[in-house]
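Participant: Fold the following, please.
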Amino acid sequence: MKRTTCRGMRGTGIVVMAMVAGVVSAQGLRNPPEGAAALGHVGGGVVLTEDASAISQNPANLTDLKQAEVMPAMTVIRTKTDFTGPAGTASTDDPWKMLPNVFATYPIANSCYVMGVGITTPYGQSMVWNQDGAFRYTAPYSASLAVVNVNPTLAARLNDKVSVGVGVDAYWSRLEMKQRFPWSAMTRNPLTPDGAIVAKGDGEGIGANAAINVKITANQTLAITYRTPFKVDYSGDLDVSDMPAGARALGLSPSSDFDSSINFPAEAALGYGIKLSQTVRVGADVEWVQSSRYKTLELDGGNDNALLNASGTANPMAPVSVRQNWDDSWTAGFGVDWLALPDVTLRAGYIHLWNPIPDETLAPTLPDISRDVVSVGLGYHHARHEFDIAYAYSIIPDRTVSNDQNPAYDGTYETSSHIFSASYAYSF
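Facilitator: Have a look, this model is predicted:
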């Protein structure tokens, strides 16, 4: 009897969710670089970023800091996506997102060593679709992923040519999905009101990072950075609203346990920087992202797994596994810093981001695509104070999908993205 019910609701489960992240200037699950300076020279930050946010970009750069520094930063993203396909049309709501970050550094032993800590949001955002659009019953109308990284770091200058940095990444993450559910598919009564499925869970992960800078000449630097992969196991609750009486007789419940897991990627980058003059520096980065770790999405809704199982399998009460099969991806770009005035630095950057998500597993919660990003920035330094602002625009072509594993997702996705960042650093 349970199997019959699941078939009757086929295509209505939230198992179709591929990942809960927004579409910004990053690949797959990743957020833009933390800190306004890093965004301003977006394709060259591995060598060029020398403020406290280097904890995230390249901790070996911290050895250039001669004073203790505290730096809060805020990134604001505006992303909008419109969909047109055989299933109809849909548009995203709530386009504005905020990503706070904060850093602190402290030189010791005549600046041969620098301790630091960063609290950042390296992965996440959210996607909210209008509830009456094409994805009304086939995808979450709201899906969000928040990842906070507490990153204690130690950098050391080994000699005049070589600096290194190492850090521990302690991650906390929250996952949340909301989707409408058509109880009329079970009751066979079109007047039965829709319910809502809300799944949310928290989890932790641990990783590490390391970097090395080598001065090739007095004006040239080569840098290598690496951040280990990590996994987060989520545990929480799945709540179902407006459940008709007949659903409980089938073993469903208004509330049950919820579990999931996400494999986050390893990241490795190679950066090269050259000082062209006393006022102009150029940096170029190439980065590899191991997105192929994300092979499946596992969902376990306990007693309510039948509501997640949209395919009508032999055992609808079993946990659900959704194929993702993402590809490894790359980024490549460059950035420029120009000390236009003694206290004013102008920045510009470019980066190309390769999309890791194949057409077959693309979902409305993350309709990513390869893109180009251009950025500009301005820094002002006076005494112990440093202010930075930056803006980045993503040049995003439309993405048309015709062979998705869920035909309801076939169609054209049109996305626009603007990123603003501001940071303030105080040295003491």
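
Participant: which element is residue 180 on?
Facilitator: Residue 180 is part of strand 162-181 when elements are defined by DSSP states H and E.

Participant: Partner strands of that strand, with direction?
Facilitator: Sheet partners assigned to strand 162-181 using DSSP bridges are listed as strand 142-157 (antiparallel), strand 195-217 (antiparallel).

Participant: Show me what the next helix or strand after that strand is packed against.
Facilitator: Heading C-terminal from strand 162-181, the first helix or strand you meet, by DSSP H and E, is helix 184-187. Contact here means 3 or more CB pairs under 8 Å, 6 or more residues apart in numbering; DSSP states H and E; on that basis helix 184-187 packs against helix 2-8, helix 245-249. The way it works is simple: take the backbone N, C-alpha and C, and place the C-beta from them, glycine included.

Participant: ok now helix 184-187, how far from the chain's centre?
Facilitator: The chain centre lies 37 Å from the centre of helix 184-187; the measure is CA atoms, centre = their mean, to the nearest Å.

Participant: Just the buried positions in that helix, please.
Facilitator: Within helix 184-187, the residues that count as buried by 16 or more other CB atoms under 10 Å are 185-186.

Participant: From here on, call the first residue 45.
Facilitator: Right, with 45 as the first residue, what we last looked at is helix 228-231.

Participant: average pLDDT for it?
Facilitator: For helix 228-231, mean pLDDT is 86.

Participant: So what's the predicted local confidence for residue 215?
Facilitator: With respect to pLDDT, residue 215 has a value of 98.

Participant: residues touching it, list them.
Facilitator: By CB atoms under 8 Å, 6 or more residues apart in numbering, the contact set of residue 215 is 191-194, 248-251, 274, 276, 308.

Participant: Same question for residue 213.
Facilitator: Shown in contact with residue 213 (CB under 8 Å, 6+ apart): 193-195, 249-253, 271-272, 274.

Participant: Of the helices and strands packed on helix 228-231, which shows the lowest average pLDDT?
Facilitator: Among these, helix 46-52 carries the lowest mean pLDDT, a mean of 37.

Participant: chain center to stretch 396-406: distance?
Facilitator: The chain centre lies 14 Å from the centre of stretch 396-406; the measure is CA atoms, centre = their mean.

Participant: Could you double-check that residue 245 sits in contact with residue 302?
Facilitator: Yes. With contact defined as CB atoms under 8 Å, residue 245 counts as touching residue 302 (5.3 Å).

Participant: if you count what's nearby, which of the two comes out ahead?
Facilitator: Per other CB atoms under 10 Å, whichever of residue 245 and residue 302 has more neighbours is residue 302, with 25 against 22.

Participant: Run through the bridge partners of the more buried one.
Facilitator: Those that pair with residue 302 in a beta bridge, by DSSP bridges, are residue 280.

Participant: how far away is it from residue 230?
Facilitator: Going from residue 302 to residue 230 by CB to CB, to the nearest Å gives 21 Å.

Participant: before we move on, the earlier item: most packed of the strands paired with strand 206-225?
Facilitator: Comparing those by mean neighbour count (mean count of other CB atoms under 10 Å), strand 186-201 ranks first with a mean of 21.

Participant: Dump it to CSV, keeping only the CA atoms.
Facilitator: C-alpha atoms of strand 186-201 as CSV (Å, rounded to 0.1, in the frame of the first residue of the first chain):
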residue,chain,number,x,y,z
SER,A,186,13.8,27.7,-0.8
ALA,A,187,17.2,26.0,-0.3
SER,A,188,20.1,27.4,1.7
LEU,A,189,23.5,26.3,2.8
ALA,A,190,25.6,28.2,5.3
VAL,A,191,29.2,27.2,6.1
VAL,A,192,31.3,29.0,8.7
ASN,A,193,35.0,28.4,8.9
VAL,A,194,37.0,29.2,12.0
ASN,A,195,40.6,29.2,10.7
PRO,A,196,43.5,29.6,13.2
THR,A,197,46.7,30.2,11.2
LEU,A,198,50.5,30.5,11.7
ALA,A,199,52.8,32.0,9.1
ALA,A,200,56.6,32.0,9.3
ARG,A,201,59.4,33.7,7.3
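
Participant: residue boundaries of the helices in the protein?
Facilitator: Taking DSSP state H as the criterion, the chain carries its helices at 46-52, 80-84, 89-92, 98-101, 228-231, 289-293, 349-352.

Participant: shared neighbours, residue 245 and residue 302?
Facilitator: By CB under 8 Å, 6+ apart, the residues touching both residue 245 and residue 302 are 278-281.

Participant: Which one of these sits in the busiest neighbourhood?
Facilitator: Result: residue 278 is most packed of these (other CB under 10 Å), 23 neighbours.

Participant: Can you tell me how far the nearest residue to it once chain neighbours are set aside is from residue 257?
Facilitator: With sequence-adjacent residues excluded and distances taken as CB to CB, 6 or more residues apart in numbering, residue 278 is closest to residue 245, at 3.5 Å. Remark: distance between residue 245 and residue 257 (CB to CB) = 39 Å.
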